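Sharing a sequence plus its predicted fold:
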Amino acid sequence: MRAGYIFVSAAFALLAGGMAHSALAQDIKIGEINSYSLLPAFTEPYRKGWQLAVEEINAAGGINGKKLVVISKDDGGKPADAQTAANELVSSEGVAMLAGTFLSNIGLAVSDFANQKKVFFLAAEPLTDAVTWSKGNKYTFRLRPSNYMQAAMLVEAASKLPAKRWATIAPNYEYGQSAVSVFKKLMSEKRPDIQWVDEQWPPQGKIDAGPVVQAVAQANPEAILNVTFGADLVKLVREGNTRGLFKGREVVSFLTGEPEYLDPLKEETPEGWIVTGYPWYSIKTPEHDAFLKAYQGKYNDYPRLGSIVGYQTIKSAAAILAKAGSTDPEKLIAAAEGLSLGSPFGEITFRKIDHQSTLGAYVGKTALKDGKGVMVDSVYKKGSDYLPSDAEVEKLRPKD
Amino acid sequence: MAFYVVQFLTGLASAASLFLVASGLSIIFGVTRIVNFAHGAFYMIGAYVAFTLTERLSGAFGFWGGIVMAAIAVALIGVIVEMVLLRRIYHAPELFQLLATFGLTLMVEDIVVLVWGPDDLVGRRAPGFRGAVDFFGQNIPSYDLFLIVLGPVVLGILWLLFQRTRWGVLVRAATQDRDMVAALGVNQKWLFTSVFAVGVFLAALGGALQIPRDAVHHAMDLRIIVEVFVVVVIGGLGSIVGAFVAAVLVSELNAFGILIFPKISIILVFLVMAVVLIVRPWGLFGRPEAAARKTPGLTVNPWRPLTSNERLAALAALAMAATLPLFAGNYALSVGSEIAIFVIFAVSLHFLMSVGGLASFGHAAYFGLGAYGIAFLAKMAGLPMIVCLLLGPLLGCVGAAVFGFFAVQLSGVYFAMLTLAFAQIVWSIAFQWVSVTGGDNGILGVWPSSWAASPSRFYWLSLGVAALVTVALRIAVFSPFGYALRATRDSPLRSEAIGIDAKRIQWTAFVIAGTTAGIGGALFAYLKGSVFPDNLGISLSVDALVMVLLGGVETVSGAVIGAIVYKALNIWLVSQTDLSKLVLGGFIVVIVVVFPKGIVGMLEMLAQRRSKASPPGSPLLAKPIGSAE
């Protein structure tokens, strides 16, 4: 059995690899993890976003005079691999904090790791409410508006619709399940007269769109809530268009206004859906203009929502590090709690009570313009307006 | 009523897409016995190439011409793959080709992103089939009607091809008995190449025809590959009609199932497959496989226990591995622990595959059950770590006992697919039963007690358990039980004649392997501090297969090396490059070509050659046995 020899030499190789990386001591390092190989449509713009942020921060003198370095790792879409990466970043790269992640289960896995190893973690994208509430911990902060917040924003518009018979279509995993349940709960509070006539739960990434569309049409709802995105959304929209599902029906849809998901639809874009998203072409604020100019100047491409998330994640991380003036996790937490800073969407604050940022989202309607899908009548909804009361949040979140 | 008719037609349209891809897979398997994992990759390339062509070429002719040209182009790629890669390894152990096609699939997933970019691509609608047909107030897309017609047409063409041409006669003959076809002087090389080309053509056509209704993206292959395997197995391997019936069955059950249970889609095909295989062990239209002439898994060198020198060497290697914490950092130790855990997992599957001749495609189920066992005991019952580690793997043991009982009634690929079905059923329970398992958000906070919490202690724990497990399984291999198990693998008839109860022996082996995997899973839960449905998933089962095949399926402990090499490389590549799949896939393909018996198998062969050259070598090694039967 030669097992041991190779085992040891593999270990040596890993060790050597670890040593080669020991960077300059005066740099401040952030460890970044995301599903680069699994979700390139989101993570490519995301990477461009944070690279732009790093460049800007270092051009402006770094963090309290020290150069910022981001070490980025792929998690392949697997929680276990994300933890391996987190471990490498913390143990052998010696990063000051962890940041990133897209999928909810990966966000939770890294957040649990951070809690166990007492490392600061800034979750970028994972939407599940559990990250800041039911499974929240003191080391974890989150940038993006959660499921609850996006649902609340959509409910505000949806509850004004006359429709009484609603059907839901959502991918069958935690994100879809919790989006539907929050939406239903908030909707039914505002509109007790609503009936939920059908629900469809296609497996994520594997929707058999024809039968799903037909089944929803059969229930004859007046309005539909959609939570699918990506390739599933494309199939759903195409089948729905052909079969006339959306004709005469209101549709409310999570995330569909994000360029990542809206742009592929091209001339098939359904009109008049109420969506959350990112209409980069129609935001006219100085903060966003500056970001847009810098982004287009560097990449010669337009930003997606992922770009904003990546950019703002590193900007926030840098602001936290600068304010703390230290890489000690306890000081980072103290600095992050209640920290306010600018973003392309305006000022955001990391709440002390649940470590959720008040970054908001744009809500608008889809429209077809020159053969391309766009969001019109977009309004920015501040995250702080769509969170439950402090008393409720305290009940939701375990005590640290 | 109109609604049900339309729902039925919609189901038929889904069935037609599924059938095109499945028929190709079925033909390839029937003739070449290759479990073509890359079939989904060819489907995906078909869609990408067709997207490019249909965007470039204009008009109706451009569209349909583009679709057909794409399928032909991909079929040519298939021919190259067959001639350059697969031809070299037809004589490798069973399932080794799976490793090669798996490597290809990994590469393709990265290549399409490099070539076509990361965004989802939405192609043109089919000219002439843009709209819908009104059927008593219900709309049926005309493209669906086109697909509904196309399915049976393809079936008819294939039927004619197989029944009315000489090529078809040869293909059918080879499906039934390829040794006889070879004995009669048919040039198998070209027969295999042409069959592979036809199969790939059908896969690519299936992919290309998705353009008007789907988005083209880099994960299309995984979405389809498992499903078509299931369809092929339900229908009966090598049976085209079976594949058609199975595709219709699965699609219709799904179309109507979601009306009653909207969450059924996630598990439906696997439920159907499990039921069909338990009732009809060779699928709906399959026939029992002809008795193999060659002994399956025939070892060139008979297995023997380690000599005392080799034992000392192994012990020294273990001792060296145990010194790792003296000089390595925390990260290296965690990686070391992870590798040790995967050694446990891989040797457990290796025991089943190489000693028992039973290749499981769902071995992660028992690994994951062990992990969930820990999570339940630690989080809900609040038991201390030692108790959890002792009791947790029992969940894997129970799972293996229940599923193994049904699975060992089958053999070969049907056995493999039934284990896959069971694994997927367990996975979907973990995924769906949110109140108990936490669904896909998993169970968090399963961290080791303080006595094992430091990375070095946990490493020693994992290493120790891995060594114990490997030794225990080796002892089992050379015990009377191990000999009986090998007898059932090498010759079912003879072993039965000398009074071995094959099913009981195999069932016992299955339970041993499942429990061992559970031990690995238990440690894994503590290493990661959390448990997710991923721990039961297909990709983990495939990883285990790859480790065993990489090490060498005809060896006693090759999986140890396979696990170390694969896992270390995987972790290292993922950390170093975003193109880890491309590099890892390329590495696997190279390994397959250079070491067609796996790494350890090849080393053993070299050692054997050397000892033949020097006369005082071991007498056992000097006498390789050719075809024994």
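Right, received. Where do you want to start?

Please work out the average pLDDT along stretch A:371-387.
Here stretch A:371-387 scores 94 as its mean pLDDT.

wait, stretch B:149-160
Across stretch B:149-160, the average pLDDT comes to 95.

before we move on, what about stretch B:542-553?
Mean pLDDT, computed over stretch B:542-553, is 89.

Could you do stretch B:327-337 as well?
For stretch B:327-337, mean pLDDT is 91.

Looking at chain B, which residue is nearest chain A?
B:A317 (1.8 Å; C-beta to the nearest C-beta). In short, each C-beta sits where N, CA and C put it, glycine included.

for the record, mean pLDDT for the helix or strand that contains that residue?
Following DSSP states H and E, one finds B:A317 within helix B:308-322. For helix B:308-322, mean pLDDT rounds to 90.

Name the residues of it that are buried.
Neighbour counts over helix B:308-322 (16 or more other C-beta atoms under 10 Å in any protein chain shown) mark B:A313, B:A314, B:A317, B:L318, B:A321, B:A322 as buried.

Closest one of the residues you listed to A:S72?
Using C-beta to C-beta, B:A321 comes nearest to A:S72 of the buried residues of helix B:308-322, at 31.0 Å.

Now the worst-scoring helix or strand of chain B on mean pLDDT - C-alpha only, CSV.
Least confident helix or strand of chain B, by mean pLDDT, DSSP states H and E, is helix B:599-613 with a mean of 79. Extracted in CSV, the C-alpha atoms of helix B:599-613 (Å, rounded to 0.1, in the frame of the first residue of the first chain):
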residue,chain,number,x,y,z
ILE,B,599,-3.3,4.5,-11.1
VAL,B,600,-2.8,1.6,-8.7
GLY,B,601,-3.8,-1.0,-11.3
MET,B,602,-1.1,0.4,-13.6
LEU,B,603,1.5,0.5,-10.9
GLU,B,604,0.8,-3.1,-10.0
MET,B,605,1.1,-4.1,-13.6
LEU,B,606,4.5,-2.4,-13.9
ALA,B,607,5.6,-4.0,-10.6
GLN,B,608,4.5,-7.3,-12.0
ARG,B,609,6.4,-6.9,-15.3
ARG,B,610,9.5,-6.0,-13.3
SER,B,611,9.2,-9.1,-11.2
LYS,B,612,8.7,-11.2,-14.3
ALA,B,613,12.0,-9.8,-15.7
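
got any ranges where the chain has weak pLDDT?
Because you didn't say which chain, this covers chain A. Within chain A, the stretches with pLDDT under 70 are A:1-25, A:400.

try chain B instead
For chain B, the stretches flagged by pLDDT under 70 are B:94, B:289-301, B:612-629.

rerun at 50
Scanning chain B for pLDDT under 50 picks out B:296-297, B:615-629.

Now find how far off-centre the longest helix seen in chain B is within its chain.
Ranked by residue count and defined by DSSP state H, the top helix of chain B is helix B:2-32. Helix B:2-32 sits 22 Å away from the centroid of its parent chain (C-alpha atoms, centre = their mean, to the nearest Å).

just to revisit the earlier point, by contact count, what packs against the helix holding B:A317?
helix A:3-20, helix B:455-477 (3 or more C-beta pairs under 8 Å, 6 or more residues apart in numbering or on different chains; DSSP states H and E).

what's downstream of that helix, the next helix or strand?
Next along from helix B:308-322, by DSSP H and E: helix B:324-327.

So is that next one next to chain A?
Yes - shown here: helix B:324-327 in contact with chain A (C-beta under 8 Å from any C-beta of the partner chain) through B:L324, B:F327.

Check which residues of that helix are buried.
In terms of neighbour count (16+ other C-beta under 10 Å), helix B:324-327 has its buried residues at B:L324, B:P325.

angle of the helix holding B:A317 against helix B:455-477?
For helix B:308-322 against helix B:455-477, the angle by axes from the mean of the first three to the mean of the last three C-alpha atoms, to 10 degrees is 160 degrees.

Okay, helices next: where are they in chain A?
Using DSSP H, helices in chain A cover A:3-20, A:40-59, A:79-87, A:104-117, A:147-158, A:174-190, A:209-219, A:230-243, A:259-262, A:286-299, A:305-324, A:329-336, A:390-396.

For the shortest one, what is the distance to the chain centroid?
Taking the mean C-alpha point of helix A:259-262 and that of its whole chain, the gap between them comes to 14 Å (C-alpha atoms, centre = their mean).

what sits up against that helix?
Here helix A:259-262 makes contact (C-beta atoms under 8 Å, 6 or more residues apart in numbering or on different chains) with A:41-42, A:45, A:229-230, A:233, A:255-256, A:269, A:275, A:277-278, A:280, A:302-306, A:366, A:373-375, B:119.

Check the last one too.
For helix A:390-396, contacts defined as C-beta under 8 Å, 6+ apart pick out A:D129, A:W133, A:S134, A:I353, A:D354, A:L387, A:P388.

quick one on the thing from earlier: moving C-terminal from the longest helix of chain B, which element do we reach first?
Next along the chain after helix B:2-32, taking DSSP H and E as the criterion, comes helix B:39-56.

Many thanks, I have nothing further to ask.
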